[in-house]
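Visitor: Output the structure for:
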Amino acid sequence: MRTIRYIVQKEFIQVFRNKRMVPIIFVLPIVQLLILVNAATFEMKRINLAVVDLDLSGSSRQLTGKFQGSPFYRVVGASFSEREALKMMQEGGADVILQIPGGFEKRLVKESKSKVQLVINAINGASAGLINAYSTSIILDFNREILTEWLTPVQLGGIRVIRTDPAFWYNPKLNYTTYMVPGILVLLVTIIGLLLSGMNIVREKEIGTIEQINVTPIRRIEFIAGKLIPFWIIALFELAFGLTLGKLIFNIPLEGSLWLIFLSAGIYLFVILGFGLLISTMTNTQQQSMLVSFFFMVIFILMSGLFTSIESMPQWAQVADKLNPIAYFIKIMRMIMLKGSSFADISVPFFSLVVYACLIISLAIWRYRKVA
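Guide: Numbering: from 1, shown residues only. The predicted model follows:
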């Protein structure tokens with residue numbers, strides 16, 4: 001235990017002497033939290049709309065006004081030419097074109113039906129789907145207003161309307177920031193833990209001090225523990241710092257136990273730090289270590305459910321994701337912070353991380369070879 005304490009002291013001294021590590025530890029989390037939480041969103045808040053109104057009637061202006069009154073749409077152009085509107089879309093100036101044909105209001109009055117056309121830029125399929133859903137909702141709302149204005153009470157009496165009053169659990173205001181912050185906090189401690197631990201042992205190789213350590217009577221388990229503990233403490237500090245910022249800046253709810261979050265984070269960090277140390281024992285330069293760490297980190301993050309739902313992935317990806325520790329911890333963080341889940345609710349991902357931690361740290365200890 002005394003030997004481990006001395007190694008930990010040495011590691012803390014080395015960390016704070018390294019001018020490149022200090023900004024990574026203290027500046028990166030703030031920048032990451034402030035930027036990613038606001039930038040990493042699938043909400044459509046600014047849809048550029050081009051209008052081709054060939055009717056110029058009261059009804060067509062009423063429909064256009066419904067889009068203008070929506071906080072999601074911005075009318076960027078009005079034209080009488082479909083070709084001009086399409087050119088605007090090709091140049092990236094418009095996301096959707098609303099085309100109202102001539103005789104729109106006339107057909108509504110005489111035939112009780114009419115058509116409009118939506119042309120949506122579908123390069124991004126997810127965005128196109130949202131634009132279509134928003135636009136269809138606005139048109140349906142316009143249709144309901146037309147029915148109310150034009151039909152008599154007797155005629156309306158035969159129309160059955162189902163009224164729904166939705167109640168949203170865990171995120172009542174449907175705030176995307178509330179959903180993203182727990183995942184970004186996981187990303188924060190992952191980057192700190194994996195990159196710093198990944199460069200740790202390999203840095204000893206580069207500066208030549210690993211040979212001095214190898215000739216000492218320090219056991220492998222003591223060496224790995226001494227290398228792991230400082231970054232474990234630093235990463236937990238980063239998580240506490242991130243939770244504080246999330247509460248003060250974004251007013252993120254914390255429905256569950258704070259101690260349960262840190263217990264789960266402690267186990268998760270053993271996995272990530274052990275993975276980083278394993279990479280460090282297998283590489284010879286810090287550049288190699290960073291490239292290998294970045295390779296695995298990108299795969300783990302993209303398949304973690306941070307940005308897209310795991311359930312929407314192909315079946316083979318869902319099976320492969322059972323080896324992804326980030327996916328387990330993101331699930332735990334969202335369940336505790338947003339749902340107020342207890343230990344019984346998170347027991348499956350929690351014990352999965354415990355098994356993962358035992359395996360990866362054992363592998364790191366086995367892989368490190370003391371060669372004098």
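
Visitor: helix/strand/coil for Val51?
Guide: When classified by DSSP: H, G, I helix; E, B strand; the rest coil, Val51 comes out as strand.

Visitor: Let's see the pLDDT reported for the closest residue to it other than its chain neighbours.
Guide: Closest residue to Val51 in three dimensions, ignoring its sequence neighbours and counting by Cβ to Cβ, 6 or more residues apart in numbering: Ala78, at 4.7 Å. For every residue, glycine as well, the C-beta is placed using N, CA and C. The model reports Ala78 with a pLDDT of 85.

Visitor: From what I see, Ala78 and Asp53 are in contact.
Guide: Yes - Ala78 is in contact with Asp53 according to Cβ atoms under 8 Å; the separation is 6.7 Å.

Visitor: Pick out whichever of the two has more residues nearby.
Guide: Between Ala78 and Asp53, Asp53 has the larger neighbour count (other Cβ atoms under 10 Å), namely 20 against 14.

Visitor: these two touch, right, that one and Thr64?
Guide: Yes - counting by Cβ under 8 Å, Asp53 does reach Thr64; the two are 6.4 Å apart.

Visitor: low-scoring stretches of the stretch 151-300 of the chain, by residue?
Guide: 151-163, 204, 206-217 (pLDDT under 70).

Visitor: where do the helices sit along it?
Guide: Per DSSP state H, counting those that start in this stretch, the stretch 151-300 of the chain carries helices over the ranges 153-156, 176-198, 200-207, 210-214, 220-250, 258-282, 286-302.

Visitor: mind putting those in JSON lines, mean neighbour count included?
Guide: Listed next are the helices of the stretch 151-300 of the chain as JSON lines, based on neighbours: other Cβ atoms under 10 Å:
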{"stretch": "helix 153-156", "mean neighbour count": "9"}
{"stretch": "helix 176-198", "mean neighbour count": "24"}
{"stretch": "helix 200-207", "mean neighbour count": "18"}
{"stretch": "helix 210-214", "mean neighbour count": "14"}
{"stretch": "helix 220-250", "mean neighbour count": "19"}
{"stretch": "helix 258-282", "mean neighbour count": "22"}
{"stretch": "helix 286-302", "mean neighbour count": "17"}
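
Visitor: what's in contact with the helix or strand Ala78 falls within?
Guide: For Ala78, the host element (DSSP states H and E) is strand 73-79. Strand 73-79 is contacted from outside by 46-53, 64, 67-68, 84-85, 88, 93-94, 134, using Cβ atoms under 8 Å, 6 or more residues apart in numbering.

Visitor: In strands only, show me those.
Guide: If you go by DSSP state E, these have 47-53 in strands.

Visitor: Rebuild those as a markdown table, extending it with distance to Ile310.
Guide: Formatted as a markdown table, the ones in strands among the contacts of strand 73-79 follow (distance: Cβ to Cβ, whole Å):
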| residue | distance to Ile310 |
| --- | --- |
| Ile47 | 28 |
| Asn48 | 32 |
| Leu49 | 34 |
| Ala50 | 37 |
| Val51 | 39 |
| Val52 | 41 |
| Asp53 | 44 |
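
Visitor: and the two most separated of the residues you listed?
Guide: Taking Cβ to Cβ as the measure, the ones in strands among the contacts of strand 73-79 span a maximum distance of 17.7 Å, between Ile47 and Asp53.

Visitor: Any regions of the stretch 1-150 of the chain where pLDDT drops low?
Guide: In the stretch 1-150 of the chain (pLDDT under 70), the answer is 6, 21, 39-43, 147-150.

Visitor: For it, just list every one of the strands.
Guide: Ranges of strands within the stretch 1-150 of the chain are 47-53, 73-79, 96-100, 117-120, based on DSSP state E, counting those that start in this stretch.

Visitor: how about those, which one is nearest Ile279?
Guide: Nearest of those (Cβ to Cβ): strand 47-53, 43.2 Å.

Visitor: can you give me the angle the closest one makes with strand 73-79?
Guide: Strand 47-53 runs at 30 degrees relative to strand 73-79, counting by axes from the mean of the first three to the mean of the last three Cα atoms, to 10 degrees.

Visitor: Parallel or antiparallel, list what pairs with strand 47-53.
Guide: Partner strands and pairing direction for strand 47-53 (DSSP bridges) are strand 73-79 (parallel), strand 96-100 (parallel).

Visitor: would you put the C-alpha positions of it in CSV?
Guide: Output of strand 47-53 as CSV, limited to C-alpha atoms (Å, rounded to 0.1, in the frame of the first residue of the first chain):
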residue,chain,number,x,y,z
ILE,A,47,-36.1,25.7,-41.3
ASN,A,48,-35.7,27.9,-44.3
LEU,A,49,-39.0,28.0,-46.3
ALA,A,50,-39.5,29.2,-49.9
VAL,A,51,-43.1,29.9,-50.9
VAL,A,52,-44.5,29.6,-54.4
ASP,A,53,-48.0,31.1,-54.1
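
Visitor: What are the buried residues along it?
Guide: 47-53 (16 or more other Cβ atoms under 10 Å).

Visitor: ok, now stretch 89-101?
Guide: Buried-residue list, stretch 89-101, by 16+ other Cβ under 10 Å: 89, 94-100.
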